[in-house]
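Engineer: fold the following and give me the result.
(one chain, ligands or ions: 1)
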Amino acid sequence: MAQLKPILSHFDPIIPYGPAKFKPDKTTAYRFRFPPRITLWSFLFLFLLLLFFFCSPPSSTSAGKRRSLQNTVFSGRHRLSPNWETKARNSALPRSKSGFSVLVTGAAGFVGTHVAIALKQRGDGVVGFDNFNNYYEIGLKKARKSLLDRHCVFIIEGDINDAALLGRLFDIVHFTHVMHLAAQAGVRYAMHNPSSYIHSNVNGFVTLLEACKNANPQPSIVWASSSSVYGLNSKVPFSEKDRTDQPASLYAATKKAGEEIAHAYNHIHGLSITGLRFFTVYGPWGRPDMAYYFFTKDILRGKEIKIFEGANHATVARDFTYIDDVVKGCLAALDAAKKSTGSGGKKRGDAQFKIYNLGNTSPVPVAKLVSILEKLLKTKAKKKVLPMPTNGDVLFTHANISLAAKELGYKPSTDLVTGLQKFVEWYLGYYGSKKKSAW
Ligand SMILES: O=C(O)[C@H]1O[C@H](OP(=O)(O)OP(=O)(O)OC[C@H]2O[C@@H](n3ccc(=O)[nH]c3=O)[C@H](O)[C@@H]2O)[C@H](O)[C@@H](O)[C@H]1O
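Structural biologist: Numbering: from 1, shown residues only. All right, here's what the predicted structure looks like:
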């Protein structure tokens, strides 16, 4: 029966952030009445029938599992399109033999959408994977999906915690690479929903790494860590050699945990793993939970915005990094990733393990970000300066990118004014033409 578990778990509803109590539906409650016409013989016949049914051997072979999953319409709480396997196979095909076949998790997310399209445009095969959760407006995620559709990127609606679905996907597509961008993002939201960070950034990551470990061939993995791992580090600019053992938020702690987990999988199973520490990525199709995005919305609506400052009026600043620069860094990391060495779940030699900063190297105060937005939107913001809350924020971030420059040829080229201009154009087009509200 143990072998049946992964198949059955496929139908289990995913209870994302903690157990729910089962409440019996009173309308279905009934009292058993003995049916008058059913004799003892009928019961005996029924009993034998059930015995035959339950004692017949389970479909324990992988072929059996495959058949079972092929007919699956639901994966966890997600619905899979009936011919998803064919679509995934086709979408994963690169244009040329030397092209990659990449699984992009979090493909309906901000960075995921951009990376998936860039890969497809240069001729790689791409399959997207996303759970379309409601952390922020699902409409935006669906619109990004439409964009991916137009670029012929097929996206599977599934959760990275769904081991059976991932196992099946790796059975049918031999991915050369996994670009893992699915995560619970946001520094401050961790105060409201801590379990969601463990669910996605720890459990989900491990489930994905297990699938990669078991895949034959094993893919090379590039994944999104975060500048937040530097936490309370005060040595600037932040170098990959600096300490990362003082996280200031649970988000940061789960990203740091991800880096350690990645190291263990690299060490034990020969998975080639590259972690990219993103620095406050912004741009068109961005995340509505981020300050530049909701400041834009609030400035346009005439709503007050809060600008945080440190103790003694210290400036709060971020190394805002434009999406196109980050995408170039992601693709360069995929190109530089060496092959995993494991097979059949066993390590056959040492595999590559890397961590790179992908920042912009020029921190900008949040107040300056606001004044740029005011100019671009031709509207004065209603500003309120407040002490930075102690809910996970850090005072500043500043990337040292010399390692990524040397090994990946990473060279960010978009300053904040140019990048925000592109964002504002997109924002006005997206919400203006569609007459939508930002949340
Ligand atoms: O690089 C990262 O690893 C992270 O980058 C991003 O986090 P942050 O750098 O904190 O971006 P964001 O929330 O936009 O706040 C920007 C600035 O505005 C300030 N801020 C914020 C809100 C507000 O009301 N007022 C304000 O001044 C605030 O104090 C801060 O100084 C991603 O969200 C995160 O998922 C992760 O990827």
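Engineer: quick one: the strands in the stretch 101-250 of the chain?
Structural biologist: 101-105, 125-130, 154-157, 177-180, 220-226 (DSSP state E, counting those that start in this stretch).
Engineer: gap between the first one and the chain center?
Structural biologist: Looking back up the chat, that one is strand 101-105. 11 Å (Cα atoms, centre = their mean, to the nearest Å).
Engineer: which intervals of the stretch 1-150 of the chain have sub-threshold pLDDT?
Structural biologist: 1-77 (pLDDT under 70).
Engineer: give me the residue from it nearest the ligand.
Structural biologist: For the stretch 1-150 of the chain, the residue closest to the ligand is Val111, as judged by Cβ to the nearest ligand atom, at 9.1 Å. All C-beta spots, glycine's among them, are computed from the backbone N, C-alpha and C.
Engineer: number of residues surrounding that residue?
Structural biologist: 26 (other Cβ atoms under 10 Å).
Engineer: could you check how far it is from Glu309?
Structural biologist: 29 Å (Cβ to Cβ, to the nearest Å).
Engineer: phi first, then psi, for the spatially most central residue of the chain.
Structural biologist: Geometric centre of the chain, nearest residue: Ala182, 0.7 Å, by Cα atoms, centre = their mean. Main-chain torsions, Ala182, degrees, to the nearest 10: phi -70, psi 130.
Engineer: circling back to that earlier point, nearest to Pro412, out of the strands of the stretch 101-250 of the chain?
Structural biologist: Shortest distance between Pro412 and these, using Cβ to Cβ, is found for strand 220-226: 16.3 Å.
Engineer: buried set for the closest one?
Structural biologist: The neighbour-count check on strand 220-226 (16 or more other Cβ atoms under 10 Å) flags Ser220, Ile221, Val222, Trp223, Ala224, Ser225, Ser226 as buried.
Engineer: what does stretch 122-135 give?
Structural biologist: Neighbour-count burial for stretch 122-135 [16+ other Cβ under 10 Å]: Asp124, Gly125, Val126, Val127, Gly128, Phe129, Asp130, Asn131, Phe132, Asn133, Tyr135.
Engineer: what about the residue of the stretch 1-150 of the chain closest to the ligand, distance to Leu276?
Structural biologist: For Val111, the distance to Leu276 - Cβ to Cβ - is 10 Å.
Engineer: so which residues on this structure come close to the ligand?
Structural biologist: Counting by Cβ under 6 Å from any ligand atom, the residues of the chain close to the ligand are 185-187, 226-228, 278-280, 290-291, 306-308, 316, 318, 366, 388, 393.
Engineer: which among the buried residues of stretch 122-135 gets closest to Cys212?
Structural biologist: The closest of the buried residues of stretch 122-135, once distances to Cys212 are taken by Cβ to Cβ, is Phe129, at 12.7 Å.
Engineer: sorry, back to before: now the strands of the stretch 101-250 of the chain as a markdown table including distance to Ser340?
Structural biologist: Supplementary listing: the strands of the stretch 101-250 of the chain in a markdown table, determined by distance: least, Cβ to Cβ, whole Å:
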| stretch | distance to Ser340 |
| --- | --- |
| strand 101-105 | 14 |
| strand 125-130 | 18 |
| strand 154-157 | 22 |
| strand 177-180 | 10 |
| strand 220-226 | 6 |
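Engineer: that older thread, assess the claim that the residue of the stretch 1-150 of the chain closest to the ligand and Asp324 are in contact.
Structural biologist: No - Val111 lies out of contact with Asp324 (Cβ atoms under 8 Å); the separation is 11.0 Å.
Engineer: re earlier: can you work out which residues contact both of Val111 and Leu276?
Structural biologist: Ala224, Cys330 (Cβ atoms under 8 Å, 6 or more residues apart in numbering).
Engineer: local confidence estimate at Glu344?
Structural biologist: Careful, residue 344 is Gly and not Glu. Note on Gly344: pLDDT of 79.
Engineer: residue numbering should commence at 56 henceforth.
Structural biologist: Noted, 56 is the first residue going forward, which turns the last one into Gly399.
Engineer: and the gap between it and Lys268?
Structural biologist: 10 Å.
Engineer: between those two, which is the more surrounded one?
Structural biologist: More neighbours surround Lys268 than the other of Gly399 and Lys268, with 20 against 9 (other Cβ under 10 Å).
Engineer: give the contact list for that one.
Structural biologist: By Cβ under 8 Å, 6+ apart, Lys268 lies in contact with Tyr320, His324, Leu326, Gly397, Gly400.
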